[in-house]
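Student: generate a structure from the sequence data that follows.
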Amino acid sequence: MASSAIEACQWTVTALARYTPATISVLLQVHDRLRCVAATGSWQVFSTVPPKSGIVGRVYASGEAATVPDVAADPDHLPVRPDVTAEICVPVLDPAGRPVGVLDLQWSGPVELAPWRATAERLAARLGARIMALGGPPAESRSEKLLRHATAMTSAPTEWDLMTAAITAARDVSTLSAAVLVLAGRRGPRVSEPTGATGELEARIRAELTEAGAGPLGRMIAGAHRHGSAYTLGEAGHPPTDDYLPLARAGVRTLVSVPVGRPDDGGVLLVADERLLRPDPTTVNLMELLAGQAWGALDRLRTLTQLREQASSDPLTGLRHTGPFGQRIRAATPGRTALLAIDVDGFKTVNDTYGHQAGDRLLVGLARALEGALRHGDELYRVGGDEFVAVIEVTRPEEAVGVAERLTEAARRTGRTISVGVALPHPGESPEVTLRRADQALYRVKRHGRDGVHLSAA
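Tutor: Okay, the predicted model is just below:
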């Protein structure tokens, strides 16, 4: 009789509660967490649990039920109630045998666990089948998705990471297949670079917009800021205006267009699909909120960049500062000048645990160690809190990787580790793009365990 997965879980808990004084809960996977969707018998419940935390996380990850006659002896037990003595947790499986959640029972008095485990497993099997028949575990609402992505955008360390987070968020929250940012700039409007897993439609949109040039892009931005957000109605047979012809040529049949930032230096967010759909006003509202969050984060990053560029020196480490660094990379020789982007692993933890004075001492010691590992003529700059860049002259990319590996070894001797991204400028490539490629290589090291070196291949 349940009309939703959550209702089926609530009725299961209510039915069980008639026959046992146990604390009962059902947790289902929602995004990357186990979320409690039904519970009884406790003053407080854990609303969300990481998939591998506690006995519930262990059971979910393994797909194997757990009978715990003495919770005090199990280090994974999460203390929902202080008087709990025994626990049974069984996986809620879909018909294919894959876990979609767990059914958890906890007792505070004497209980014979074996019969209850058999009962719990039977109920969990029936519940899993019913949940899947009702469409599966509850999905995140689009508002919840937006809030989760907003956190990622706020914490993005670079403009490239921010663009990646914003475009990923636009796809996820809108449920459309493609998203592209067109931003104004001193050299004219530009299309955001490919970010993450780019689909075919998105690649075609980028190509068509790049081919269209500054005129249509500028008019697209100006129109969005003059008239506000716009979206297609999902009706066939209506030709697009001239400025949107590149999108039509790319195969776009559904489009949401949202202004980003200010008219003079902002841009437009384009979210599209090649299916003929009808976006609702709520989708447009969410894209407007997303665009506002992205612009705020971008403005913050740009302000920080300007402050760094204005700094005349680094009084802490004595290294060269961002002004000379900008001049130096503008003189880089294609194929010979390598940029090594360096980031200290776990630096925030040092500051948070031991204080900023300890963090400052770490940076000074690390700066001396890195300088000592460089060759005569190599240059080291501090460009951020725990961010350094080395500029070195090499004859081949492997030589730059060798220098980077010497730096990681020098860092290890100080008791710390660093991640290093390496990039050599291509002919005609701006220094900023070369440095961005080095940063991207660095963050690839971060994503694969830190304490290493990666060479940007493109």
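
Student: now stretch 134-152: average pLDDT?
Tutor: Average pLDDT, stretch 134-152: 85.

Student: for the top helix by length along the chain, list every residue counted as buried.
Tutor: Counting residues, the longest helix found in the chain (DSSP state H) is helix 281-310. Neighbour counts over helix 281-310 (16 or more other Cβ atoms under 10 Å) mark 283-284, 286-291, 293-295, 297-298, 301, 308 as buried. Glycine gets a C-beta too; all of them are placed from N, C-alpha and C.

Student: widest-spaced pair of the residues you listed?
Tutor: Thr283 and Arg308 (37.5 Å; Cβ to Cβ).

Student: so what's the model's average confidence on the longest helix of the chain?
Tutor: 85.

Student: which helices and strands sit right next to that helix?
Tutor: For helix 281-310, the elements it packs on are helix 142-154, helix 159-174, strand 254-260, strand 267-273, helix 322-330, judged by 3 or more Cβ pairs under 8 Å, 6 or more residues apart in numbering; DSSP states H and E.

Student: save these as a markdown table, and put in mean neighbour count and distance to Arg226 too.
Tutor: Converted to a markdown table, the helices and strands packed on helix 281-310 look like this (neighbours: other Cβ atoms under 10 Å; distance: least, Cβ to Cβ, whole Å):
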| stretch | mean neighbour count | distance to Arg226 |
| --- | --- | --- |
| helix 142-154 | 16 | 26 |
| helix 159-174 | 22 | 22 |
| strand 254-260 | 23 | 9 |
| strand 267-273 | 27 | 11 |
| helix 322-330 | 16 | 35 |
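
Student: let me have these in CSV, extended by distance to Lys446.
Tutor: Listed next are the helices and strands packed on helix 281-310 as CSV, based on distance: least, Cβ to Cβ, whole Å:
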stretch, distance to Lys446
helix 142-154, 15
helix 159-174, 10
strand 254-260, 27
strand 267-273, 27
helix 322-330, 22
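
Student: minimum distance to Leu123: which of those has it?
Tutor: For Leu123, the closest of the helices and strands packed on helix 281-310 is helix 142-154, at 28.5 Å, according to Cβ to Cβ.

Student: ok, the buried residues of helix 281-310 vs Leu105, which is closest?
Tutor: Set against Leu105, the nearest of those by Cβ to Cβ is Leu286 (39.1 Å).

Student: show me what contacts the closest one?
Tutor: Residues counted as contacts of Leu286 (Cβ atoms under 8 Å, 6 or more residues apart in numbering) are 142-143, 146, 173-174.

Student: can you name the two of these that sit furthest apart?
Tutor: Within the contacts of Leu286, Ser143 and Ser174 form the most distant pair, 12.8 Å apart (Cβ to Cβ).

Student: just checking, next helix/strand downstream of the helix or strand encompassing Phe388?
Tutor: Phe388 is part of strand 387-393 when elements are defined by DSSP states H and E. Tracing the chain C-terminally past strand 387-393 and defining elements by DSSP H and E, one meets helix 397-413 next.

Student: for that next one, the distance to its chain's centre please.
Tutor: When distances are taken as Cα atoms, centre = their mean, to the nearest Å, helix 397-413 is centred 28 Å away from the chain's centroid.

Student: what's the answer for stretch 149-168, then?
Tutor: Centroid displacement of stretch 149-168 relative to its chain, using Cα atoms, centre = their mean, is 7 Å.

Student: other residues contacting that stretch?
Tutor: Residues from elsewhere that reach stretch 149-168 (Cβ under 8 Å, 6+ apart): 169, 172-173, 179-181, 192-193, 195-196, 269, 290, 293-294, 297-298, 301-302, 436, 439-440, 443.

Student: convert the C-alpha atoms of it to CSV, please.
Tutor: Extracted C-alpha coordinates of stretch 149-168, given in CSV (Å, rounded to 0.1, in the frame of the first residue of the first chain):
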residue,chain,number,x,y,z
HIS,A,149,27.5,22.1,-5.5
ALA,A,150,27.6,25.6,-4.0
THR,A,151,30.0,24.2,-1.4
ALA,A,152,32.3,22.8,-4.1
MET,A,153,32.3,26.2,-5.9
THR,A,154,33.0,28.2,-2.8
SER,A,155,36.0,26.0,-1.9
ALA,A,156,37.4,25.8,-5.5
PRO,A,157,41.1,26.8,-5.3
THR,A,158,41.5,28.0,-8.9
GLU,A,159,39.4,29.6,-11.6
TRP,A,160,39.7,26.4,-13.6
ASP,A,161,38.4,24.3,-10.7
LEU,A,162,35.6,26.8,-10.2
MET,A,163,34.5,26.6,-13.9
THR,A,164,34.6,22.8,-13.6
ALA,A,165,32.4,22.8,-10.5
ALA,A,166,29.9,25.4,-12.0
ILE,A,167,29.4,23.5,-15.2
THR,A,168,29.1,20.1,-13.5
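
Student: need the contact list for Thr434.
Tutor: Applying Cβ under 8 Å, 6+ apart, the residues contacting Thr434 are 329, 332, 339, 423-426.

Student: could you measure from the closest residue to Thr414 other than its chain neighbours over to Ala15?
Tutor: Of all residues not flanking Thr414 in the chain, Ala369 sits nearest, at 5.0 Å (Cβ to Cβ, 6 or more residues apart in numbering). If you measure Ala369 against Ala15 using Cβ to Cβ, to the nearest Å, the figure is 65 Å.

Student: can you check Glu429 too?
Tutor: 66 Å.

Student: looking at this structure, which helix or strand is least sure?
Tutor: helix 322-330 (a mean of 68; mean pLDDT, DSSP states H and E).

Student: what's the offset of the helix or strand just after that one from the middle of its chain?
Tutor: Moving toward the C-terminus from helix 322-330, the next helix or strand (DSSP H and E) is strand 337-344. Centre-to-centre, strand 337-344 and its host chain are 23 Å apart (Cα atoms, centre = their mean).

Student: after strand 337-344, which helix or strand is next? Please name it.
Tutor: helix 347-354.

Student: past that following helix, which element shows up next along the chain?
Tutor: For helix 347-354, the following helix or strand on the C-terminal side (DSSP H and E) is helix 356-373.

Student: the strands in the stretch 101-250 of the chain, which residues?
Tutor: 178-183, 190-191, 230-231 (DSSP state E, counting those that start in this stretch).

Student: ok, and which of those has the densest surroundings?
Tutor: Comparing the strands of the stretch 101-250 of the chain by mean neighbour count (mean count of other Cβ atoms under 10 Å), strand 178-183 comes out on top with a mean of 24.

Student: show me what that one is packed up against.
Tutor: For strand 178-183, the packing partners by 3+ Cβ pairs under 8 Å, 6+ apart come out as helix 159-174, strand 190-191, helix 200-212, helix 214-227, strand 267-273.
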